[in-house]
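> the sequence and its predicted three-dimensional model are supplied below.
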Amino acid sequence: MLKSMGAAKQAVHANVGSEADLPVTKSAAGRKILPIVEGVVLVAALLAPLVLQDYLTVFATRVIILALFALSFDLVWGYAGIMSFGQALFFGSAGYGVALLARDLDITNILLVLPAGTIIGLASALLLGGFLLLGRHPSSVIFVSLGTLTGSYAADRLARGWYYLGGQNGIPSIAPMSLGGYEFTEGPAFYYLVLGILVVVYLLCRFLVRSQFGLALAGLRENEQRIAFFGYKAQHLKAIIFTIGGAIAGLAGSLYAFHEGFVWPNMVGVVVSTQVVLYVLFGGSGTLIGAVIGTVIVEGVSFWLSDNYRDVWPIILGLLLLLVILFRPLGLISFVLGERERVGSFGAKPKEKRNAAP
């Protein structure tokens, strides 16, 4: 195990340099930036319903659910290098699944529908990931991208043409999610429920990417050929993280279905799949918090532009996204987060070098 860990560390440090080569003061300061950013975002999220109007609280709830969805894609792309253009397939499939449970079986208990949606997302990702990633020969980036894109497009066409799923109209009037005799409707209660779920999932993801498995993922992202040379099954690692990302997307899709009160074919389609790519690209991939920040900014700017510039707001938003991609390819988070901290630190902290006595 120690030998494998050492090999993975070599791959991780191949492109970013050894942490021990950096001045200790700068390294220590760098490690403090990410928790500060995470803390500021959490405090702002906790206080938001206290200062926002009711309709903005509803909007903020939707944004947090989409941030959870973006988190699933950041795991897949930012840490495993899998460009999935079909992430909405898991998001929308879970939404349709819990909608059918509510419509046909009258099951709306939160302890049943959220695990069910998570399992649907996990199973869908496992099937698609197994087909795309676990073949006899390693799958190329283009093959996986086009495969996930095709899966999302096929699911969209299936939903539009299947009368049982409501066709073009989807499934409307979904009963509210419940716990005992309490129903979660739009408002602060639903907001804090979703925020709590996001925080828990975020912490689990942070633990995952800072674990030994995360170390292998970091090496996979930085230098996949070297990781394979050291004996790691790169495609197996990708399949695992792809499945985990699908489960998180399924959880987000379940929450989204009950919050909006209906599901429709676009939830599994290419448009939503592309949308989540923009969230992570705008905020910064491979950081987790960048996916959350990107979702909040893109959705917030879209909301403001659509309200003030109704005719040209998509063009303005597109130009803003293009500028960020051109001048900050690592996303907005790169203004405060360095490459060293984005990759992460693993193992024991380096000891400060002392000057030898003359």
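In hand now; what should we look at?
> pLDDT averaged over the lengthiest helix in the chain - what is it?
Longest helix in the chain, counting residues (DSSP state H): helix 234-260. Across helix 234-260, pLDDT averages out at 92.
> next one: stretch 122-130
When pLDDT is averaged along stretch 122-130, the result is 93.
> now that stretch: how far from the chain's centre is it?
How far stretch 122-130 lies from its chain's middle: 16 Å, per Cα atoms, centre = their mean, to the nearest Å.
> same deal with stretch 130-143?
Relative to its parent chain, stretch 130-143 has a centroid offset of 22 Å by Cα atoms, centre = their mean.
> and residue 252, how far from residue 117?
Computed as Cβ to Cβ, to the nearest Å, the residue 252 to residue 117 distance reads 9 Å. Heads up, the C-betas are built off the backbone N, CA and C, glycines and all.
> any residues in contact with both of these two?
The contact sets of residue 252 and residue 117 overlap at residue 94 (Cβ atoms under 8 Å, 6 or more residues apart in numbering).
> okay, buried residues for stretch 204-220 please.
Residues of stretch 204-220 classed as buried by neighbour count (16 or more other Cβ atoms under 10 Å): 205-206, 208-209, 213-220.
> which residues of the chain score low on pLDDT?
Within the chain, the ranges that satisfy pLDDT under 70 run 1-31, 228-231, 339-358.
> all strands for it, in order.
Applying DSSP state E to the chain gives strands spanning 177-179, 182-184.
> residue contacts, the residue minimising distance to the centre of the chain?
By Cα atoms, centre = their mean, the chain has its centre lying nearest to residue 71, at 1.8 Å. By Cβ under 8 Å, 6+ apart, the contact list for residue 71 reads 198, 201-202, 205, 248, 288, 291-292.
> how about JSON lines for those residues, with distance to residue 106 added?
JSON lines is the format used below for the contacts of residue 71 (distance: Cβ to Cβ, whole Å):
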{"residue": "198", "distance to residue 106": "28"}
{"residue": "201", "distance to residue 106": "28"}
{"residue": "202", "distance to residue 106": "32"}
{"residue": "205", "distance to residue 106": "33"}
{"residue": "248", "distance to residue 106": "27"}
{"residue": "288", "distance to residue 106": "37"}
{"residue": "291", "distance to residue 106": "35"}
{"residue": "292", "distance to residue 106": "34"}
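> between all of the residues you listed, which two are at the greatest distance?
Farthest apart among those by Cβ to Cβ are 248 and 292. That separation is 12.7 Å.
> before we move on, back to that, is it possible to get CSV of the buried residues of stretch 204-220 that adds distance to residue 238?
Formatted as CSV, the buried residues of stretch 204-220 follow (distance: Cβ to Cβ, whole Å):
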residue, distance to residue 238
205, 16
206, 20
208, 14
209, 14
213, 12
214, 14
215, 15
216, 11
217, 9
218, 13
219, 13
220, 7
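> residue contacts, the residue nearest to residue 46 when sequence neighbours are not counted?
Among residues not flanking residue 46 along the chain, residue 195 sits closest, at 7.3 Å (Cβ to Cβ, 6 or more residues apart in numbering). Contact analysis of residue 195 by Cβ under 8 Å, 6+ apart lists 45-46, 64.
> go on, residue 121?
If you count contacts by Cβ under 8 Å, 6+ apart, residue 121 has them with 90-91, 93-94, 246-251, 253.
> which one of these is nearest residue 269?
Nearest to residue 269 among the contacts of residue 121, with distances taken as Cβ to Cβ, is residue 91, at 10.2 Å.
> dump the strands of the chain to CSV, plus distance to residue 302.
Output for these, formatted as CSV (distance: least, Cβ to Cβ, whole Å):
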stretch, distance to residue 302
strand 177-179, 26
strand 182-184, 26
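> taking these together, which one is wrapped up most tightly?
Counting by mean count of other Cβ atoms under 10 Å, strand 177-179 has the highest mean neighbour count of these, with a mean of 18.
> elements contacting that strand?
Packing partners of strand 177-179 (3 or more Cβ pairs under 8 Å, 6 or more residues apart in numbering; DSSP states H and E): helix 110-133, strand 182-184.
> could you rerun that using 7 Å?
Counting contacts by 3 or more Cβ pairs under 7 Å, 6 or more residues apart in numbering; DSSP states H and E, strand 177-179 is packed against helix 110-133.
> put the alpha carbons of the helix it packs on into PDB.
Only the C-alpha atoms of helix 110-133 are listed here, as PDB (Å, rounded to 0.1, in the frame of the first residue of the first chain):
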ATOM      1  CA  ILE A 110     -38.600  11.700   2.200                       C
ATOM      2  CA  LEU A 111     -37.000   8.600   3.800                       C
ATOM      3  CA  LEU A 112     -38.100   6.600   0.800                       C
ATOM      4  CA  VAL A 113     -38.100   8.900  -2.200                       C
ATOM      5  CA  LEU A 114     -34.600  10.400  -1.800                       C
ATOM      6  CA  PRO A 115     -32.900   7.000  -1.300                       C
ATOM      7  CA  ALA A 116     -34.900   5.700  -4.300                       C
ATOM      8  CA  GLY A 117     -33.800   8.600  -6.500                       C
ATOM      9  CA  THR A 118     -30.200   8.200  -5.400                       C
ATOM     10  CA  ILE A 119     -30.300   4.500  -6.300                       C
ATOM     11  CA  ILE A 120     -31.800   5.200  -9.700                       C
ATOM     12  CA  GLY A 121     -29.000   7.700 -10.500                       C
ATOM     13  CA  LEU A 122     -26.400   5.200  -9.200                       C
ATOM     14  CA  ALA A 123     -27.900   2.300 -11.200                       C
ATOM     15  CA  SER A 124     -28.100   4.400 -14.400                       C
ATOM     16  CA  ALA A 125     -24.500   5.600 -14.100                       C
ATOM     17  CA  LEU A 126     -23.300   2.100 -13.300                       C
ATOM     18  CA  LEU A 127     -24.900   0.700 -16.500                       C
ATOM     19  CA  LEU A 128     -23.800   3.500 -18.700                       C
ATOM     20  CA  GLY A 129     -20.300   3.700 -17.100                       C
ATOM     21  CA  GLY A 130     -19.900   0.000 -17.300                       C
ATOM     22  CA  PHE A 131     -20.600   0.100 -21.100                       C
ATOM     23  CA  LEU A 132     -18.400   3.100 -21.800                       C
ATOM     24  CA  LEU A 133     -15.500   2.600 -19.500                       C
END
